[in-house]
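Participant: sequence below, structure please.
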Amino acid sequence: MIKSKIAISTEKYYSCEVSKNLPVRISVIAVNGPEGLGFVEALDKKKETLDQFVELMKKSDQIIEFCITHKMPTMYWNKSKHKLDYPSIHDSILESGSMTILPIIIENGIQYHNILSPSADNFRKLLAYLKERFTDVNIRALSSKPTETLQDFLTDKQYETLMLAHRKGYYEIPRRCTLEEIGEELGIKRVACQERIRRAEQKIINYYVKDTLFSNYGIQ
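Facilitator: This is a model prediction of the structure:
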């Protein structure tokens, strides 16, 4: 399984165009075919911005239904239904055999999708569809082990030491404890404590920074 975060923008796409022209953040929390439910936030905290958003959405040729279901001072809950002449971004993701983990966040003309793909082939197909159909596609994060936790790739002793160091404030600025203090609580010497922490840190860095997916899948 592959988890990715992809930023997608395209020309003449209603949600991208509206969010490009207004200081808003749109969160789509439910999707049913062409219908979407969610809310829009005014980043400038102005009700006038939300009213402008409603007006632009209702004027869009790609929107056939739009209504506000609940109003708050800086947020409107809304329901919309679109009609496109081509597959939507969400439909393109589904067509590749992948799926978006909701919510979809839209801001500054860009849709941000957290996506799960069951295999490398599905992920390649996903990128091919998105790049073929939409203007700009950027991978922001990529992992081949989306459900793995620290405990899955650290030893029990490394995990125990790292959690203790974090709890005692070793990673705060300035530090609130020393390696000697951590080692004393664990019953080990300072050098052993330092080595254990550095090995744990190395594994974490390798996991998040040196992921071979980019080279394996030919992603530029």
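Participant: for residue 159, give me its contacts.
Facilitator: 150, 151, 200 (C-beta atoms under 8 Å, 6 or more residues apart in numbering). Backbone N, C-alpha and C define where each C-beta goes, glycine included.
Participant: show me this protein divided up by domain.
Facilitator: Following automatic domain parsing, one gets these domains for the chain: 2-143, 150-209.
Participant: show me where the chain has its strands.
Facilitator: Assigned by DSSP state E, the strands in the chain fall at 2-9, 24-32, 35-42, 63-72, 75-82, 99-107, 110-117, 136-143.
Participant: contacts for the fourth one?
Facilitator: It stands for strand 63-72. So strand 63-72 is contacted by 14, 35, 37, 54, 57-58, 76-83 (C-beta under 8 Å, 6+ apart).
Participant: show me where pLDDT drops low in the chain?
Facilitator: For the chain, the stretches flagged by pLDDT under 70 are 145-149, 207-220.
Participant: quick one on the thing from earlier: give me whichever of the domains of the chain is most buried.
Facilitator: Among the domains of the chain, domain 2-143 has the highest mean neighbour count (mean count of other C-beta atoms under 10 Å), at a mean of 17.
Participant: quick revisit: dump the contacts of residue 159 into JSON lines; add distance to residue 71 as well.
Facilitator: JSON lines is the format used below for the contacts of residue 159 (distance: C-beta to C-beta, whole Å):
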{"residue": "150", "distance to residue 71": "42"}
{"residue": "151", "distance to residue 71": "44"}
{"residue": "200", "distance to residue 71": "49"}
